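1. below are the sequence and a predicted model for it; my questions follow.
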Amino acid sequence: EDDGSFLRSLGLATLYAGLPSLMARQVIFGSFKFLSYERASETIYSLWPFLRDGGATTLAVSLVAGGLAGSLSSVVSQPADSVLTYVSKQSGEGGKQMGVLEGSRVMVAEGGVSSLFRGLASRCLWAGSIIAGQFFLYDIFRSAFGVTPDDL
C-alpha cells in the first residue's frame, strides 16, 4: 500500500523533470512527420498524377510517403533522441545529473558529431515502417468513412 510518501519524497518537479525535453523531441518528430508526408505525397502525385485514380495506388502512395516521412523524421529528431537517451542513462547509473545541453557537449566531445546519429539506420527502418502503416491505415479509414481532403 502506497501512502504517497514516495511521491512526496521525490517531489512533483522530479517526477516531470524530463517532460520538456521529451515534448521537444516529440514535437520535432511529429511536426516533421506530417510535413514530410504531405510533401512526399504531393511530389509523388505531381510526378505520376495517374496514381490518384485508383484505390490501391493511393494506398501505395500512402505507404511510400509514410515510409519516407518516418525515415526523414528520424533523421531530424535523432540527435535529440540520442542526447536524451545519453542523459537518462548517465543519470540512471548513479552518475552526475546533467541537462540536455551539457549532455550534447559531452557526447560530441567523447564521440564526435557522429555520436548524435548512432543507431540511425535501425531507427529509420523502424520508424519508416511504423509511420507507413499509420498513414496507410489512416487512408483506409478516411476512405471507408468517405472523408475527402476538402473535409479536413
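-> Looks like it came in fine.

2. from here on, just use CA atoms for contacts and neighbour counts.
-> Fine.

3. what distance do you get for residue 83 to residue 145?
-> 41 Å (CA to CA, to the nearest Å).

4. whoops, residue 103 was the one
-> Look at residue 103 and residue 145: by CA to CA, they are 47 Å apart.

5. so for the two, which residue has more residues nearby?
-> A count of neighbours by other CA atoms under 10 Å puts residue 103 above the other of residue 103 and residue 145, at 20 against 9.

6. in this structure that one contacts residue 87, no?
-> Yes - using CA atoms under 8 Å, residue 103 is in contact with residue 87, at 5.7 Å.

7. where does this structure have low pLDDT?
-> The model of the chain has pLDDT under 70 over residues 1-4, 6-7, 15, 93-95.

8. helices along this protein, start to end?
-> If DSSP state H is used as the criterion, the helices of the chain fall at 5-10, 12-15, 19-47, 55-92, 100-111, 120-144.

9. kindly export the shortest one (C-alpha atoms) in PDB.
-> When you say that, I think you mean helix 12-15. Extracted in PDB, the C-alpha atoms of helix 12-15 (Å, rounded to 0.1, in the frame of the first residue of the first chain):
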ATOM      1  CA  LEU A  12       6.300  16.700  -8.300                       C
ATOM      2  CA  ALA A  13       9.100  18.600 -10.100                       C
ATOM      3  CA  THR A  14      11.300  15.500 -10.100                       C
ATOM      4  CA  LEU A  15       8.500  13.400 -11.500                       C
END
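
10. right, I'll leave it there.
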